[in-house]
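> Okay, sequence plus prediction incoming.
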Amino acid sequence: GDGAGVTTERLLNAEKTPQEWLTYGGTYDEQRYARLSQIDKKNADELGIAWTYDLATSRGVEATPIIVDGVMYLTGAWSIVYALDAKTGKELWVYDPKVSGEAAAKSCCDVINRGVAVYGDKVYVGVFDGRLEALDAKTGKLVWSTVTVDQSKPYTITGAPRIVKGRVLIGNSGSEFGVRGYVSAYDAETGALDWRFFITPNPDKKPDGAASDEAFARLGNDTWGDEGAWKTDGGGGTAWDSIVYDQVNDTVLVGTGNASPFNPKIRDPKGNGDNLFLSSILALDADTGAYKWHFQTTPRDMWDYTATQSIILADLPLGKDGAKRRVVMQAPKNGFFYVLDAATGEFISGAPFAHQTWATGLDDKGRPIENPAARDSEAGFLAIPAPSGAHNWHPMAYNPDTGLVYLPAQQMAQFVQDRPVDRTNPMRWNPGYDFAAGLPPTYPAGTLEEVRKNLTGTLMAWDPVVQKPAWVYPHSGPFNGGLLTTETGLVFQGDIKGYFMALDGSTGQKLWGMNLKSGIQAAPSTYEIDGEQYVAVATGWGGSWALNWGFAWDKAVAPDVGRVFVFKLGGKGTVPDPMQDTVEKTPKAEPIKDAALVQKGFVHYAENCMVCHGPLAISSGVLPDLRWSYVSASKEGFHDVVINGALSDNGMISFAKHLSADDAEAVRAYVLDQAWLAVKNGDASAPSKPEAPKTN
Ligand SMILES: O=C(O)c1cc(C(=O)O)c2c(n1)C(=O)C(=O)c1cc(C(=O)O)[nH]c1-2
Ligand SMILES: [Ca+2]
């Protein structure tokens, strides 16, 4: 490169250069708060489009745009990296790491990516198949590439890398399938591994030669029994999203994931321990990765209650006469909002920010007081929050002026039931519950209705000092976008229906909004060039909610191409016309009238197809809705795709190892049955038949 580019000095002082957005969360504290004041409460309604850019994907987009020296860097689906002129939107370069369809089949939650990190003269991206890559920031050319995972296992990467003191930090994903989570630090210049911290023990409880050895010998190993599926599955704990640097305490904070498998009776049948360091905030020495402290939000997790959610560092007026205390804030999936001491991890306070059935509160150390029924998974339990959480990855923001955290909260329910399950397929969700096949009719009557009823989402303004909401803005459902807040007291958020808006951060009053015609999940960022303030957000319907739970949204959201939208005061651009949905909502073949075959197909579908194509064969539009797909028109065509892998380049790999030809036909029978059910219910039309010849 021709200069130092982004230095550690610049990153440490990012707060002082609000005209740029240097890191995932804006600054190291990840408050997503910018000291830019051109756009304010009075003129927010003059916002208009400065420019747009098509990301050429109809899969989920989750990246926060990074802005450095007039260039915007972000990722779309499939870990593709884009560099755009931040003022005009002109494309500077595009880098496609060419992720194979085979790797895509390992995704729990779509081929999404949360963005890049920029350091020196390089751009860093965690690639879906487990690579970590450094690109030349000027040209997009590959500088180095290293494989961070055992690619024979169902590891993926979706999170944004973070830069700390010349190292690139990256985690991984895969706890729904069965992996051992860890976070690694690589030399930013060379790509050499510097340190690694495992989140679950070595399967033999032996040292790994890693930074985590001491913590497991002293604290972690004894919280796991000596047998169970954790030894082969890895135990989970994947750090798939938040990694934050506390520059005051020189500590790296890592949000860790759920258990693998979910079911503790399978995972760790003889043990009764907390299973460290699952569902925790883990504090590590920035230089060595050595353990400093941890706080576990959900001991012995069994509900997919990750603590990977955004971590924010702030100085809160908690002391006498408003004296400031440096804290860590998190609102993990489990529904409690936590405030911890940043230096020690000491629990300061916690309170429920969402309705819960699994716990009745926290004790004075912050440990959840569980509802005993919540662990009785044999009888079955309606878990609220659901595995999707009371808050998922969508980043929250903190505004030190209003003193409020802006939190994309939600309510969802999931019936959790312990039944014998086949766990032999590593390419399928392996939670160890009848989680997939347990849809109606095997659920108790009314469960689906209960689940559908519990689909709400809000933008919640949370006061972390008194641990209560200040105001709540209701959305039409869960899984709305991440947050941005500014010095003028504005809050920006997009919703799953594609509506992007600015609110008054003190009152929750909506000041401006625009329909961008494509679901928004990503968080916005803001920057300034030549005296003009811009707000940027990426649209792109997808991610886990869209992929896995489309049944709730089949009528609500139109899928569209992902885009970057950039706004400024007086912007005159227009929203591009949405993609036309050309698929006719009609069954493509006559029903196969064999109830036993349909029932068999239902179980195979639920176990193998559901988490990507949607429960009840209803897709939300990210992947094809099989009910209307021409692939289901004939036995041969279906066989070609499902057994022969004809569409494996798209991620639809062959299921020959797990389904026989007869099983595949059973799945087709089920899909057609669901298609004709939709016709019967008036949600689709029957294919038009050639008119019968007229007779006199
Ligand atoms: O356990 C894991 O490794 C893992 C990874 C990911 C991911 O990488 O996106 C998600 C989850 N879990 C998860 O539980 C979850 O709810 C989720 C939502 C999303 C998303 O991008 O919409 N990813 C993930
Ligand atoms: Ca998970």
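Structure received. Ligands and ions are numbered 1, 2, ... in the order given.

> Quick check: residues of the stretch 201-350 of the chain near ligand 2?
residue 258 (Cβ under 5 Å from the ion). All C-beta spots, glycine's among them, are computed from the backbone N, C-alpha and C.

> where do the strands sit along the stretch 201-350 of the chain?
For the stretch 201-350 of the chain, the strands defined by DSSP state E, counting those that start in this stretch cover 235-236, 243-246, 251-255, 259-260, 280-285, 291-296, 311-317, 324-330, 336-341, 347-352.

> Can you say which of those is nearest to ligand 1?
strand 235-236 (6.4 Å; Cβ to the nearest ligand atom).

> Give me the residues contacting that closest one.
175, 178-181, 199-201, 224, 230, 257-261, 267, 275, 278 (Cβ atoms under 8 Å, 6 or more residues apart in numbering).

> Stretch 382-389: end-to-end distance?
End-to-end distance for stretch 382-389, by Cα to Cα, to the nearest Å: 13 Å.

> now stretch 343-353
Across stretch 343-353, first to last residue, Cα to Cα, it's 25 Å.

> now the helices: where do they sit in the protein?
With helices called from DSSP state H, the chain shows them at 8-12, 101-104, 213-215, 230-233, 264-267, 447-453, 543-548, 595-608, 610-613, 635-642, 661-680.

> Now tabulate those in a markdown table and tack on mean pLDDT and mean neighbour count.
Below are these laid out as a markdown table (pLDDT from 0 to 100; neighbours: other Cβ atoms under 10 Å):
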| stretch | mean pLDDT | mean neighbour count |
| --- | --- | --- |
| helix 8-12 | 97 | 15 |
| helix 101-104 | 83 | 19 |
| helix 213-215 | 98 | 19 |
| helix 230-233 | 94 | 22 |
| helix 264-267 | 93 | 22 |
| helix 447-453 | 75 | 15 |
| helix 543-548 | 73 | 26 |
| helix 595-608 | 89 | 20 |
| helix 610-613 | 80 | 23 |
| helix 635-642 | 94 | 18 |
| helix 661-680 | 95 | 21 |
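
> Tabulate those helices (TSV), appending distance to residue 55.
Output for the helices of the chain, formatted as TSV (distance: least, Cβ to Cβ, whole Å):
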stretch	distance to residue 55
helix 8-12	26
helix 101-104	17
helix 213-215	40
helix 230-233	34
helix 264-267	38
helix 447-453	31
helix 543-548	14
helix 595-608	29
helix 610-613	21
helix 635-642	26
helix 661-680	30
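
> which stretch among the strands of the stretch 201-350 of the chain comes nearest residue 402?
Closest to residue 402 of these, according to Cβ to Cβ: strand 311-317, at 12.1 Å.

> For that closest one, buried residues please.
311, 312, 313, 314, 316 (16 or more other Cβ atoms under 10 Å).

> what's that strand packed up against?
Applying 3 or more Cβ pairs under 8 Å, 6 or more residues apart in numbering; DSSP states H and E, one finds that strand 311-317 contacts strand 243-246, strand 251-255, strand 324-330, strand 397-399.

> and those as CSV, adding mean neighbour count, distance to residue 593 and mean pLDDT?
Formatted as CSV, these follow (neighbours: other Cβ atoms under 10 Å; distance: least, Cβ to Cβ, whole Å; pLDDT from 0 to 100):
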stretch, mean neighbour count, distance to residue 593, mean pLDDT
strand 243-246, 24, 54, 98
strand 251-255, 27, 50, 98
strand 324-330, 20, 53, 98
strand 397-399, 27, 55, 98
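
> okay, these in a markdown table with distance to ligand 1 next?
Listed next are the helices and strands packed on strand 311-317 as a markdown table, based on distance: least, Cβ to the nearest ligand atom, whole Å:
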| stretch | distance to ligand 1 |
| --- | --- |
| strand 243-246 | 13 |
| strand 251-255 | 11 |
| strand 324-330 | 15 |
| strand 397-399 | 18 |
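
> Which one, of the ones you listed, ends up nearest to residue 658?
Taking Cβ to Cβ, strand 251-255 is the member of these nearest to residue 658, at 32.6 Å.

> I'd like to know how far residue 150 sits from residue 388.
From residue 150 across to residue 388, the span is 28 Å (Cβ to Cβ, to the nearest Å).

> thinking again about what came up before, how about the helices of the chain, which one is nearest residue 121?
Of the helices of the chain, nearest to residue 121 by Cβ to Cβ is helix 8-12, at 12.7 Å.

> Can you give the contact residues for the closest one?
17, 22, 23, 28, 119, 163, 165, 166, 247.

> pLDDT score for the third one?
The confidence metric pLDDT takes the value 98 at residue 23.

> For the nearest residue to residue 532 once chain neighbours are set aside, list the residues it contacts.
Counting by Cβ to Cβ, 6 or more residues apart in numbering, residue 532 lies nearest to residue 568, which is 5.3 Å off, once chain neighbours are set aside. The contact partners of residue 568, taken as Cβ under 8 Å, 6+ apart, are 47, 48, 50, 532, 533, 534, 535.

> Repeat the analysis, applying 7 Å as the threshold.
50, 532, 533, 534 (Cβ atoms under 7 Å, 6 or more residues apart in numbering).

> Dig out what it forms beta bridges with.
Beta-bridge partners of residue 568, counted by DSSP bridges, are residue 48.

> Can you give me the pLDDT of it?
98.

> can you tell me how far it sits from residue 9?
Taking Cβ to Cβ as the measure, residue 568 and residue 9 are separated by 29 Å.

> So between residue 150 and residue 388, which is more surrounded?
Higher neighbour count among residue 150 and residue 388: residue 388, with 22 against 12, using other Cβ atoms under 10 Å.

> who's in contact with the residue positioned nearest the centre of the chain?
For the chain, the residue nearest the mean C-alpha position is residue 393 (4.6 Å; Cα atoms, centre = their mean). Going by Cβ under 7 Å, 6+ apart, residue 393 touches 241, 308, 309.
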